[in-house]
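[1] Fold the following and give me the result.
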Amino acid sequence: MPTDQEPDTYSALEAAESSPAQFVRWFREVAPYVHAFRGKTFVVAFGGELVRDGALSVLVQDLSLLSALGIRLVLVHGSLPQVNEQLRLKGYDLQFSRGLEPTGAAALECAKEASGEIRLDIEAAFSQGLPNTPMSGSHIRVVSGNFVTARPAGVIDGVDYLHTGLVRKIDTESIKFAIERGSAVVLLSPLGFSPTGDAFNLAMADLATSVAVSLRAEKLIFLTDSPGVLDEDGSVDTELARADADALLDRGELEEETAFYLKHASLAVKRGVARAHLVPYGQDGSVLLEIFTHDGVGTMVVEDTLDDLRPATIDDVGAILSLIEPLEADGTLVPRPRSVIERDVECFTVLEHDGVIYGCAALYPYKDELMAEMACLIVNPEWQGTGEGEILLRHMESRARAVGMKRIFVLTTRTSHWFIKRGFVQGGISDLPHAKQQHYNRSRNSMIFIKKI
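    Purely as a prediction, here's the structure:
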């Protein structure tokens, strides 16, 4: 088995030789992600613990692959354990922990030294080019500089925080120029500079969040020592709506490191970052697995639920019928009488804005086959084109996963391409749950599409 320090560089070749069909299938499955993320900006943030634990070289190899695939990268590193080691070696009793703490003159010098050493280590890692390694043939330029303007944290509750700073401004234009036109990787250390020329010690997570928000990044990825947010059964919760993440944080039951990074991930998504991830750096290839596989290996936070996405109630039946009736009239949907909607109302989710319901969807689990049917996915035509359909789809997938379903299916006569673009594959009647097979309306000849969740 490959280790974090010595990845098996021949695994892909061996896989291709031992099972060509499996290798080709895997390559084809990855292709949609490559197309989707080419030209997008990822902010990847990691603490000094990753460097201390010897995981830097493997991470850089994986990041170089992302760069080769056209993903624009901004890296933000921390240096907490290295700063503490510098303080210890110099005889200071002070030791930093996560969170906002005062930084004296001596501690600032230690922060500068630690950041300088880590920056050089990262630049050296990106300069690798040995044959028979993932870095062979790579020519990646790393750009660092004074991209971050900082301000002093000031006096808080009577305590002067001295050289501890907060982000005032990110030079987004210069960063974009470097990653877009210069095709470079931008590397940011946890230091910022004021217009007066003073340096300030910054928190890595705060800096990474500010950069991702300023750049409107597609992803903010925190590489952590923890596996991510865990379910009650101990498995990783691979996707969280921001509202659910905030609820978990409010309960105060999460492990300290997980809660720390989840808080920043939620904040980034709230401020416009499309996706924020907590990924364990201890797992070999975790960044690639998180990006290029359906479920990933860490926890992803998304703005999955708008404030107006909620379970339907009996009072919503009339509005649901008004959405359904035009599609029943033109044959897109099977007619459903009011009594059926009233009976199944708990299966429905609705989108509501200012008291107007403009979208809905229903989920019907078949627990014996671990499958669920999604039906009545509708968005008012006046609201279409702004992503509400995808929000409903993701919510239905999340609901299905929450009750233990492994696959979700739809029956459609008009919208096959929409579902194909979102990962569904065509199936047959025999692929449906047994109970659904018995009630399949052959006269409609609906197409069947299935998706693994």
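
[2] Touching, residue 172 and residue 215? I think so.
    Yes - Residue 172 is within contact range of residue 215, at 5.8 Å (criterion: Cβ atoms under 8 Å). (Glycine included, C-beta is placed from N, CA and C.)

[3] Just want to know which of those two has more residues nearby.
    residue 215 (22 against 14; other Cβ atoms under 10 Å).

[4] excluding its backbone neighbours, what's nearest the more buried one?
    The shortest distance from residue 215 to any non-neighbouring residue, by Cβ to Cβ, 6 or more residues apart in numbering, is to residue 41 (5.3 Å).

[5] and this structure, what are its domains?
    For the chain, the structural domains run 11-302, 309-452, going by automatic domain parsing.

[6] what's the most buried one of those?
    For these, the largest average neighbour count (mean count of other Cβ atoms under 10 Å) is found in domain 11-302, namely a mean of 18.

[7] Kindly provide the whole-number mean pLDDT of it.
    In this model, domain 11-302 has a mean pLDDT of 91.

[8] From the chain's centroid, how far away is it?
    From the chain centre to the centre of domain 11-302 is a distance of 12 Å (Cα atoms, centre = their mean, to the nearest Å).

[9] mean confidence score for stretch 316-327?
    Per-residue pLDDT over stretch 316-327 has a mean of 93.

[10] where in the stretch 351-453 of the chain is pLDDT low?
    354, 385-386 (pLDDT under 70).

[11] for this structure, longest strand please?
    With DSSP state E setting the assignment, residue counts place strand 356-366 as the longest strand in the chain.

[12] tell me which strands and helices it is in contact with?
    helix 317-329, strand 348-353, strand 371-379, helix 388-402 (3 or more Cβ pairs under 8 Å, 6 or more residues apart in numbering; DSSP states H and E).

[13] In three-state terms, label residue 151 for me.
    Here residue 151 takes the strand state, with states given by DSSP: H, G, I helix; E, B strand; the rest coil.

[14] I'd guessed it sits against residue 194; true?
    Yes - counting by Cβ under 8 Å, residue 151 does reach residue 194; the two are 6.4 Å apart.

[15] Common neighbours of the two, please.
    165, 168, 200 (Cβ atoms under 8 Å, 6 or more residues apart in numbering).

[16] Am I right that the last one falls within a strand?
    Read it as residue 200. Yes - looking at residue 200 with three-state DSSP, it is inside a strand.

[17] Distance from the chain centre to the longest strand of the chain, please.
    That offset, for strand 356-366, works out to 25 Å (Cα atoms, centre = their mean).

[18] Relative to it, what are the paired strands and their orientations?
    If you go by DSSP bridges, strand 356-366 pairs up with strand 348-353 (antiparallel), strand 371-379 (antiparallel).

[19] can you list contacts of the shortest one?
    Taking Cβ under 8 Å, 6+ apart as the criterion, the residues outside strand 348-353 that touch it are 306, 308-312, 316, 319-320, 341, 357-363, 376, 379, 383, 388, 391-392, 395-396, 399.

[20] and if you look at the last one?
    Contacting residues not belonging to strand 371-379 are listed as 320, 323-324, 327, 333, 336, 348, 351, 358-366, 388-389, 392-393, 396, 399-400, 403, 405-411, 432-433, 436, 450 [Cβ under 8 Å, 6+ apart].

[21] so where's the longest helix in this structure?
    Ranked by residue count under DSSP state H, the longest helix found in the chain is helix 105-126.

[22] returning to what we had before: export the helices and strands packed on strand 356-366 to TSV and append columns for distance to residue 425.
    Formatted as TSV, the helices and strands packed on strand 356-366 follow (distance: least, Cβ to Cβ, whole Å):
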stretch	distance to residue 425
helix 317-329	24
strand 348-353	24
strand 371-379	14
helix 388-402	15
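
[23] nearest to residue 121, of those?
    Smallest distance to residue 121 across the helices and strands packed on strand 356-366 (Cβ to Cβ): 38.8 Å, for helix 388-402.

[24] Find out how far the closest one is from the centre of the chain, if you would.
    Put simply, helix 388-402 sits 16 Å off its chain's centre (Cα atoms, centre = their mean).

[25] helices and strands around the helix or strand that it is followed by, which ones?
    Downstream of helix 388-402, the next assigned helix or strand under DSSP states H and E is strand 407-412. The contact analysis (3+ Cβ pairs under 8 Å, 6+ apart) places strand 407-412 against strand 371-379, helix 388-402, strand 447-452.
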